[in-house]
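> show me the folded form of this:
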Amino acid sequence: MQIVAFRAFLEIALCVVALSQVSSESGFGNDRPNIIVIMADDLGYGDLSCYGATSIQTPNIDRLAASGIRFTSGYCSASTCTPTRYSFLTGKYAFRTPGTGVAPPNGPAIIEPNTVTIASLLKNAGYQTKVIGKWHLGLGQKKNVSNQTSKEPASIFGPNWNGELKPGPLEIGFHSCYLLPTTNDRVPQVYVADHRVENLDASDPLWVGDKKPSADHPTGETERDSLKMDWSHGHNQTIHNGISRIGFYTGGHAARFLDEDLADRWVEKSKEFIHSNRDRPFFLFFASHDIHVPRVVHPRFAGKSKMGPRGDCILQLDWCVGELINHVETMGLTRNTLFVFVSDNGPVMDDGYKDNALEQLGDHSAAAHLKGGKYSVYEGGTRTPFITSWPSVISPAISDEMVTTVDLARSCASLAGERVPDDACPDSLDLSAALLGKPGAKGRSHVLQQNNNGNQFGLRVRDESGDWKLVEAPNGLMYNVNVGETLRSTKVPNFQLFDLASDPGETTNVASQHVETTERLKEKLASIKSK
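Below is the predicted model of the structure:
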């Protein structure tokens, strides 16, 4: 009888072990959350009703904020899209890597294959990983020192539009991807599914270049009267869907999408991914194109905001967020899913198209009380909406702790129980406790902000001496200082110091009154840049 009892006990014990392994592999029954990072594009600190907007309502994003933490000092790492995305994925400031400014249509992969990224860390931890939406980090092989003298044809470098598009997301930790390869004001208007252009007809090859393929190639300059959305500066080359873009392309007609369908397609693909991975942990990077130019929404959102296409795009973005929240709930995953909502940089009005963004702005303040916007290292360029929601873990709160997108790599790895190699993600901090609102958890003591090419910097430091912001503009010019005006450069001192405790709008340069603080922050900035 004792032997029989022991065998029964052993069988039960083995079943418990097996079930615990299944539970661990599925991501349920433990504290490892599914992770969905939603990155808006060009969304300002003041563009959401949960951040004080009154001219427009964003109920779905507000739901995330109401169920989680709304950060009032949440930052992206750069004031344009490509460097912020680079830093978010790699945990490394983009200025440390040459060539991380806004990527051109034919740009090669900026992140080297096998680089440790947030995706590869979570993949190693057993997560299924996918990026859906705007990529804008290049695709294809990059010329480097070792192949500068290569006799290979130039066409093998950068994207091979009619073949395998690699390296790309799948070479840096994503199991799969469904992309807009660049950004939608740049060509080409096609979807990339994993390593290939979707629906490409071999008899109609896709060609992408930076020069006109023929003298009679239609452009926004030669066919301006035919455009359904006129351009204001640049953005006047190849025409697709009645809108002229940056760059030239021909062919690939069966693969081309309509701007109006982008948001719906990405939501559809996201739901498929969530559904297929509902029984195991997953990481989804949902990279929205809203509210970047050209601002063209699905017809059901057109005109609904009463603020023109820019406002309509905010409504479309909010709908996307609602669809993801609802689908997670339908799948029964709400208690086990962490949402992180951020933007890649601050707001801009006229960014190349005549879409009445300025004319129909009304009383709306896209950057709220902050100075500057996209392209600027003032607060409005990099301080953006930043929300975390995990209903079973996070208690609703508003936090002024400083957190940044560059920290998501180490923070998410920590939540997944994955160790980050010592030489990886050098600028990322594990702020998981602050992101979850743990009692007493602190955010950063300093935040570094860069402009597009990393030749201008902002450094916010919060310590016992106060809450200070140093702005460095070596060329003495700052772009998009006043986000509610036409884009232009403004002459500024090479160094400025602002007391954010009393002057959050950066209205008064106090460098001459606080020389010691200015010098101390200059030394700290130089030290960070030299690492």
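
> low-confidence regions, the stretch 1-150 of the chain specifically.
Low-confidence segments of the stretch 1-150 of the chain, defined by pLDDT under 70: 1-30, 144-150.

> and the strands in it, which stretches?
With DSSP state E, counting those that start in this stretch as the criterion, the stretch 1-150 of the chain has strands at 34-40, 69-75, 128-134.

> put together JSON lines for those strands, with mean neighbour count on each row.
(Glycine included, C-beta is placed from N, CA and C.) What follows is the strands of the stretch 1-150 of the chain, written out as JSON lines (neighbours: other CB atoms under 10 Å):
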{"stretch": "strand 34-40", "mean neighbour count": "24"}
{"stretch": "strand 69-75", "mean neighbour count": "24"}
{"stretch": "strand 128-134", "mean neighbour count": "25"}
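
> would you convert the ones you listed into TSV that also reports distance to Asn160?
Below are the strands of the stretch 1-150 of the chain laid out as TSV (distance: least, CB to CB, whole Å):
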stretch	distance to Asn160
strand 34-40	27
strand 69-75	36
strand 128-134	20
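
> out of those, the one nearest Asp350 is which?
Nearest of the strands of the stretch 1-150 of the chain to Asp350, taken as CB to CB: strand 34-40 at 18.9 Å.

> pairing partners for the closest one, with directions?
strand 282-287 (parallel), strand 337-343 (parallel) (DSSP bridges).

> between the last one and strand 69-75, how many degrees?
By that I understand strand 337-343. Angle of strand 337-343 versus strand 69-75, following axes from the mean of the first three to the mean of the last three CA atoms, to 10 degrees, is 40 degrees.

> next, the buried residues of strand 337-343.
For strand 337-343, the neighbour count (16 or more other CB atoms under 10 Å) marks 337-343 as buried.

> what's next to the helix or strand following that strand, contact-wise?
Using DSSP states H and E, the helix or strand that follows strand 337-343 in sequence is helix 379-382. When contacts are defined by CB atoms under 8 Å, 6 or more residues apart in numbering, helix 379-382 is touched by residues 44-45, 75-79, 345-347, 367, 370-375, 449, 451, 458, 469, 480, 483, 500, 504-506.

> name the nearest of the buried residues of strand 337-343 relative to Ile528.
Distances from Ile528 to those, taken by CB to CB, are shortest for Val342, at 21.5 Å.

> across the sheet, point out what pairs with the closest one.
Met39.

> try Ile246
What pairs with Ile246, by the bridge criterion (DSSP bridges), is Arg186.

> likewise the one 4 residues further on?
In this entry, Thr250 is beta-bridged to Trp207, by DSSP bridges.

> state the distance from it to Pro181.
Separation of Thr250 from Pro181 (CB to CB, to the nearest Å): 16 Å.

> between those two, which one's more packed in?
Neighbour totals were compared for Thr250 and Pro181, and Pro181 leads with 29 against 17 (other CB atoms under 10 Å).

> skipping its backbone neighbours, what lies nearest Asn277 in space?
Computed as CB to CB, 6 or more residues apart in numbering, the closest residue to Asn277 that is not its neighbour in sequence is Gln128, at 4.6 Å.

> pretty sure that neighbour sits against Phe283.
Yes. Counting by CB atoms under 8 Å, Gln128 does reach Phe283; the two are 7.2 Å apart.

> which residues do those two both contact?
Joint contacts of Gln128 and Phe283 (CB under 8 Å, 6+ apart) do not exist.

> who does the residue nearest to Asn277 form a beta bridge with?
Under the criterion used (DSSP bridges), Gln128 bridges to Phe282.

> got a list of what it touches?
Applying CB under 8 Å, 6+ apart, we find Gln128 in contact with 175, 273, 277, 280-283.

> now render these as CSV, adding neighbour count, pLDDT and distance to Ala53.
Formatted as CSV, the contacts of Gln128 follow (neighbours: other CB atoms under 10 Å; pLDDT from 0 to 100; distance: CB to CB, whole Å):
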residue, neighbour count, pLDDT, distance to Ala53
His175, 18, 98, 37
Phe273, 21, 98, 30
Asn277, 22, 98, 34
Arg280, 16, 96, 38
Pro281, 24, 98, 34
Phe282, 23, 98, 32
Phe283, 27, 98, 30
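
> can you pull out the strands in the stretch 401-531 of the chain?
Using DSSP E, counting those that start in this stretch, strands in the stretch 401-531 of the chain cover 446-450, 457-463, 466-472, 477-479, 489-491, 495-499.

> most packed of these?
Highest mean neighbour count among the strands of the stretch 401-531 of the chain (mean count of other CB atoms under 10 Å): strand 446-450, with a mean of 23.

> distance from it to the middle of the chain?
16 Å (CA atoms, centre = their mean, to the nearest Å).

> cool, stretch 419-433 as well?
For stretch 419-433, the distance from its own C-alpha centre to the chain's C-alpha centre is 19 Å (CA atoms, centre = their mean).

> pLDDT (mean, whole number) over that stretch?
Stretch 419-433 comes out with an average pLDDT of 97.

> contacting residues for the nearest residue to Lys212 once chain neighbours are set aside?
With CB to CB, 6+ apart as the criterion, Lys212 has its nearest non-adjacent residue at 5.8 Å, and that residue is Phe248. Residues near Phe248 by CB under 8 Å, 6+ apart: 187, 208-213, 217, 237-238.

> so how far is His233 from Tyr479?
Separation of Tyr479 from His233 (CB to CB): 13 Å.

> shared neighbours, the two?
Leu487.

> I'd like to know how many residues surround His195.
Neighbours of His195 (other CB under 10 Å): 18.

> relative to Arg265, how far out is the residue lying closest to it once chain neighbours are set aside?
Using CB to CB, 6+ apart and skipping the chain neighbours, the partner closest in space to His195 is Glu164 (4.6 Å). According to CB to CB, Glu164 stands 22 Å off from Arg265.

> of those two, who's got more company?
Arg265 (17 against 13).

> so the more buried one lies in a strand, does it not?
No. The assignment for Arg265 (DSSP: H, G, I helix; E, B strand; the rest coil) gives helix, which keeps it out of a strand.

> next up, the contacts around it.
191, 257.

> so who does Cys313 touch?
Neighbouring residues of Cys313 by CB under 8 Å, 6+ apart: 290-291, 295, 297, 301.
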